[in-house]
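Participant: quick one: sequence and predicted model below, then my questions.
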Amino acid sequence: MPGGRLTQQDRQQIALGLADGLAYAEIARGLDRPTSTITREVMRNGGPTAYRADLAHRATERRTHRRSPAATQGPQARPQPHGRDAEAVREYEETFATAFMQQGMPKMMSRVLSCLYTTDSGSLTTSELVQRLQVSPASISKAITFLESQDLIRRERDERRRERYIVDDDVWYQAMIASARSNDQLVETARQGVDILGPGTPAAARLENIARFLDFVGESLARAADQVREVLHTKAEAPEPNDQ
């Protein structure tokens, strides 16, 4: 499998594949590249609907020229615990962030969340995030505000009174419950429309179907989240000591 940077010709093939409605995996096979390479390339250059080969190539060249030797030896080259490959970890963090972006999460929020999830402690400070991601404190602050609003992270102060941003086993449960609550709001709003548009009319019937669908999904989501949380948090009982 060829390595190295994507060429301008590669990017033209990506643009043609997107125009033809091909999936990232199919485009990747045509170029003999990993699917993650194509996904990152498209998502960092406007997404599937706005990707342009010439603009993507120029943007990559600008990023390459802006990188100083110090930056190249920066966070991606820092020593890794447990004998991990630093470059492999950096690549995986990008891939994980891209997966969040494909779910509709903004880029910086995705990068911050990926960084937190791939840290053994599951927590980082603003300065640590700035150092790892090479962005401004304001960018981190904006991302943290968004992630907190979605119940995807929480914050607490450490022994040095610094704010730490944390992901733990309960974060996704809280996020799922928040999603179920947002469904409840949509259900209520849709049913208000039924009364306004007149029961029995086509528009009202459509809104009632939406309300029923979301009501069922919300209840199922909350129930499933509770069940999975209970299973994952239940520790296996220790076996009784053998009396023999």
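Facilitator: Done, it's in.
Participant: from here on, just use CA atoms for contacts and neighbour counts.
Facilitator: OK.
Participant: ok, which stretches of this structure are strands?
Facilitator: Per DSSP state E, the chain carries strands over the ranges 123-125, 154-157, 163-166.
Participant: list the helices and strands the shortest one packs on?
Facilitator: The elements that strand 123-125 packs onto, with contact taken as 3 or more CA pairs under 8 Å, 6 or more residues apart in numbering; DSSP states H and E, are strand 163-166.
Participant: again, but for the second one
Facilitator: Using 3+ CA pairs under 8 Å, 6+ apart as the contact definition, the elements that strand 154-157 packs against are strand 163-166.
Participant: and the strand it packs on, which strands flank it?
Facilitator: Take DSSP bridges as the rule and strand 163-166 pairs in its sheet with strand 123-125 (antiparallel), strand 154-157 (antiparallel).
Participant: tell me the mean pLDDT for that strand?
Facilitator: Mean per-residue pLDDT for strand 163-166: 92.
Participant: could you list the buried residues of it?
Facilitator: Buried residues in strand 163-166, counting neighbours by 16 or more other CA atoms under 10 Å, are found at 164, 165, 166.
Participant: before we move on, what about stretch 15-30?
Facilitator: Result for stretch 15-30 [16+ other CA under 10 Å]: buried residues 15, 17, 18, 24, 25, 27, 28.
Participant: same thing with stretch 177-184?
Facilitator: 177, 178, 179, 180, 183, 184.
Participant: any chance you could list what contacts it?
Facilitator: Contact with stretch 177-184 is made by 150, 151, 214, 215, 217, 218, 219, 221, 222, 225, as judged by CA atoms under 8 Å, 6 or more residues apart in numbering.
Participant: counting neighbours, what do you get for the closest residue to residue 166 other than its chain neighbours?
Facilitator: Closest residue to residue 166 apart from its sequence neighbours, by CA to CA, 6 or more residues apart in numbering: residue 123 at 4.3 Å. Residues within reach of residue 123, counting by other CA atoms under 10 Å, total 22.
Participant: any idea how far residue 123 is from residue 208?
Facilitator: 43 Å (CA to CA, to the nearest Å).
Participant: which of the buried residues of stretch 15-30 fall within helices?
Facilitator: In this view, those that belong to helices under DSSP state H are 15, 17, 18, 24, 25, 27, 28.
Participant: return the member of those residues nearest to residue 114.
Facilitator: Relative to residue 114, the closest of those is residue 24; by CA to CA it sits at 20.9 Å.
Participant: among the buried residues of stretch 15-30, which two are most distant?
Facilitator: 15 and 25 (13.8 Å).
Participant: and residue 223, how many neighbours does it have?
Facilitator: 14.
Participant: residue 53 now?
Facilitator: The burial count for residue 53: 21, using other CA under 10 Å.
Participant: and the helices in the protein?
Facilitator: Going by DSSP H, the chain shows helices at 8-19, 24-31, 35-43, 53-66, 69-72, 86-102, 107-117, 126-133, 137-149, 171-197, 202-233.
Participant: mean pLDDT lowest for which of those helices?
Facilitator: Among the helices of the chain, helix 69-72 carries the lowest mean pLDDT (a mean of 45).
Participant: could you check how far the residue minimising distance to the centre of the chain is from residue 167?
Facilitator: In the chain, the residue lying closest to the centroid (CA atoms, centre = their mean) is residue 100, at 2.0 Å. Per CA to CA, residue 100 is found 15 Å from residue 167.
Participant: residue 157 is nearest to which of the helices of the chain?
Facilitator: Closest to residue 157 of the helices of the chain, according to CA to CA: helix 126-133, at 11.9 Å.
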